[in-house]
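Undergrad: just the structure for this:
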Amino acid sequence: MDELIRQAIADRRLVAYRYNGQRRVGEPHLYGVMNGKPTLLVYQTEGTSFAGPYPNWRRLSLDGISRFTITGRSFEHPRLMSSVLNEWSDVWAMVSEG
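TA: Numbering: from 1, shown residues only. Reported below is the predicted structural model:
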């Protein structure tokens, strides 16, 4: 899954996945370590969620993700604010400007 996540971020592609059993689609923006765990920050645009309405940001622990695939759809603009980086101890991949 590591390679797929990095590829989706680099290519700005929407991803489809299940998180804790719920089907979701979103824009992966940041992949790294938060609170000592590998984490993916996704802007959820479709699917279901116990975390509330979307579109909205979701922090996903990798151990809760299954059926992760890159879709044929892309997204144009990064949505991240630089202040988000303060919460991450290590960043492995991130959507860049431009």
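
Undergrad: for Leu62, give me its contacts.
TA: 1, 37-40 (Cβ atoms under 8 Å, 6 or more residues apart in numbering). The way it works is simple: take the backbone N, C-alpha and C, and place the C-beta from them, glycine included.

Undergrad: just the buried members of those?
TA: 38-40 (16 or more other Cβ atoms under 10 Å).

Undergrad: can you say which two of the contacts of Leu62 are spatially most distant?
TA: Greatest spatial distance in these: Met1 and Lys37, 14.1 Å, computed using Cβ to Cβ.

Undergrad: returning to that earlier point: take the buried ones among the contacts of Leu62 and keep only those in strands.
TA: 38-40 (DSSP state E).

Undergrad: give me the sheet partners of the biggest strand by length in the chain and which way each runs.
TA: As assigned by DSSP E, the longest strand anywhere in the chain is strand 22-34. Strand partners for strand 22-34, identified by DSSP bridges, are recorded as strand 13-19 (antiparallel), strand 37-47 (antiparallel), strand 90-94 (antiparallel).

Undergrad: quick one: mean pLDDT for that strand?
TA: What strand 22-34 shows for mean pLDDT is 96.
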